[in-house]
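Colleague: model the structure of this input:
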Amino acid sequence: MHSIVDRLTFLDYAIVVAYLVILIVIGYRASFVGRNKEESYFLANKSLGWASIGFNMWGTNVGPSLLLAFASIGFSSGIVGANFDWYAFIFLMLLAMVFAPRYLAAKVTTMPEFMGNRYGDSTQNILAWYALVKMLISWLSLGLFAGGLLVRQVLGIPMWESVIVLVSFAGLFAFTGGLKAIAKVNIFQMLLLIGVSLTLNVLGVIKVGSLSAVVHGVPADYWTLIHPANDPKYPWYAIMLGYPVSAIAFFCTDQAMVQSVLGSKNLEQGQLGVSFIGWLKILSLPLFLLTGILCFILFPHLKDPSEAYMTMVTNLFPPGMNGLVIVVLIAVLVGTIGSSLNALSTVFTMDIYVKKINPKASNEQIIKMGRWTVVAGCIFAIGMALAIDSIKDLNLFDVFQSILGFIAPPLAVVFLLSVFWKRTSRKAVNFVLSIGSVISLGTGVIYLWILPASKYTFWPHYMMLSFLIFALLTILAVLISVFDPSPQIYVVDDKAEVPVWTVTNKVKLSWTLLTVVMVALYIYFK
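Modeller: Purely as a prediction, here's the structure:
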């Protein structure tokens, strides 16, 4: 494996410079329109249409860790990794039809604010700090580490240089323009990502010989979505039961993902935008997983599957196109880290600073604090990324998924119960968010570091462990609510409870077609 730096031509440098100029121009124009308005910085002045919402959510989701991981899974296991994108359509529908109407009707800026409106300040405080820790660790630190790892593999530069440059560039858009700037640049970047990824895989198919040769060049089980129960990596039951816990927390309650919906023009645009990311997720097979499958055929003796993506780009792109690789690296980093920084800034500023530290803050002070939070988030992410890099033999995707699996149960429990069971009490919600989080995260620490599953075989699959924690916390929350002698529960506000199925014909058509396509894909690749 060799760095592509030595093979860069004048055209490569021109591509990188042109990309950076276009990105900065788009960001500048978005940043300085209505920049003194608080909602323009945090929620894009509620101006996002369905395309911006879909591309921005997808850009937040398609980070460098996913780029590396899907190629790695494709190389070692085939298309089973598509479950992490295709199965998601059910939970994206839950966001669009159940949660989004309530979020927009409540006119909230953050998820802690939404829960605070239902259960009071104590719930908002607990959830705000929980959300901050979640974003700092799972979004910023792991995401930046993955980006630095990818840059180090492809360009051959040290990790510390990679992460500093990447987070500085990503933070620029979050600092200056907030959500509006990030959403604008993400449209451009995701279109670019589709073009470059498709080009890479077309070159790979040409090198293999034909699509038929690709299909028959790997084991038959590489083309199956559902793996048997004895599969040690991705058994069907773990995905079916465990993945929904993470997916509900990730797509329905995570500030970084939901913020685009909160910034939508109206409910219809928000619901169409969430549907659009469902359509975009179908592309994970032809754009990302196929890269790993092609690598398995072309470079079968590759020792480390995590190098599949780097192996493909360094061997298939001809001189003059290597600049596109650098462009994609920047694009996926800016998309994920930029959105994460904006979400971090929003939660800290609105739920901690305005709520507790300076309730009388002016609009200018609020935006200033939001920008300083972005700077602090960048510094923290750099330190954590370098610390993670010191851990040896790290399987990035499984670590990311398992950490999310231990963070997710408390969030999934409280949001589901608060929406679907009006008897849920404040005491139950606060218990799950505090003591329940200790149980869940404590189990994660034991699983990952104290008694690691790689050495101790008594552990169930990490996704099943997440499901078991979710089930335990749900039972505890129900018992606390039922036996609470004087429960403080959410009193339904008719204005904030939009009928779930009151949707437009466009929304119905989009989700119906998506459901039909997804079911057909699962039947075809069963």
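Colleague: CA atoms for contacts and neighbours, from now on please.
Modeller: Noted.
Colleague: Ser210: neighbour count?
Modeller: 12 (other CA atoms under 10 Å).
Colleague: swap that for Thr504, sorry
Modeller: Count around Thr504 with other CA under 10 Å applied: 12.
Colleague: same question, the one 3 residues further on
Modeller: Val507 has 21 neighbouring residues, counting by other CA under 10 Å.
Colleague: is it true that it lies in a helix?
Modeller: Yes. Looking at Val507 with DSSP: H, G, I helix; E, B strand; the rest coil, it is inside a helix.
Colleague: what segments of the stretch 301-450 of the chain are helices?
Modeller: 308-316, 322-347, 363-389, 396-420, 426-445 (DSSP state H, counting those that start in this stretch).
Colleague: any chance of these in CSV, with mean neighbour count and distance to Gly147 too?
Modeller: Formatted as CSV, the helices of the stretch 301-450 of the chain follow (neighbours: other CA atoms under 10 Å; distance: least, CA to CA, whole Å):
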stretch, mean neighbour count, distance to Gly147
helix 308-316, 21, 12
helix 322-347, 27, 6
helix 363-389, 19, 10
helix 396-420, 21, 11
helix 426-445, 20, 24
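Colleague: so which of these gets nearest Tyr222?
Modeller: Closest approach to Tyr222 among the helices of the stretch 301-450 of the chain (CA to CA): helix 308-316, 15.7 Å.
Colleague: C-alpha coordinates for that closest one, PDB please?
Modeller: This file holds the C-alpha atoms of helix 308-316, laid out as PDB (Å, rounded to 0.1, in the frame of the first residue of the first chain):
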ATOM      1  CA  ALA A 308     -10.200  -2.100   1.500                       C
ATOM      2  CA  TYR A 309     -11.300   1.400   0.700                       C
ATOM      3  CA  MET A 310      -7.700   2.800   0.700                       C
ATOM      4  CA  THR A 311      -6.500  -0.100  -1.400                       C
ATOM      5  CA  MET A 312      -9.200   0.500  -4.100                       C
ATOM      6  CA  VAL A 313      -8.600   4.300  -4.400                       C
ATOM      7  CA  THR A 314      -4.800   4.000  -4.500                       C
ATOM      8  CA  ASN A 315      -4.800   1.300  -7.200                       C
ATOM      9  CA  LEU A 316      -7.800   2.200  -9.400                       C
END
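Colleague: picking up where we left off before, could you tell me the least trusted of the helices of the stretch 301-450 of the chain?
Modeller: The minimum mean pLDDT among those belongs to helix 322-347 (a mean of 78).
Colleague: let me see the contact set for Ser510.
Modeller: Ser510 is in contact with Leu272, Ser275, counting by CA atoms under 8 Å, 6 or more residues apart in numbering.
Colleague: and it, what's its pLDDT?
Modeller: Taking Ser510 on its own, its pLDDT is 96.
Colleague: any buried residues in the strand or helix carrying it, and which?
Modeller: Using DSSP states H and E, Ser510 sits in helix 505-524. Neighbour-count burial for helix 505-524 flags Val507, Ser510, Trp511, Leu514, Thr515, Met518 (criterion: 16 or more other CA atoms under 10 Å).
Colleague: and the residue nearest the centre of this structure?
Modeller: With distances taken as CA atoms, centre = their mean, Asn61 lies nearest the centre of the chain, 3.3 Å away.
Colleague: I'd say that one and Ile337 touch.
Modeller: No. Contact criterion CA atoms under 8 Å: Asn61 and Ile337 do not qualify, at 10.1 Å.
Colleague: so can I have JSON lines of the buried residues of helix 505-524 showing distance to Leu316?
Modeller: Formatted as JSON lines, these follow (distance: CA to CA, whole Å):
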{"residue": "Val507", "distance to Leu316": "41"}
{"residue": "Ser510", "distance to Leu316": "37"}
{"residue": "Trp511", "distance to Leu316": "38"}
{"residue": "Leu514", "distance to Leu316": "34"}
{"residue": "Thr515", "distance to Leu316": "36"}
{"residue": "Met518", "distance to Leu316": "32"}
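Colleague: nearest to Thr443 among those residues?
Modeller: For those, the residue nearest Thr443 by CA to CA is Met518; the value is 34.1 Å.
Colleague: how close does the closest one sit to Ile282?
Modeller: Between Met518 and Ile282 the computed distance is 8 Å (CA to CA, to the nearest Å).
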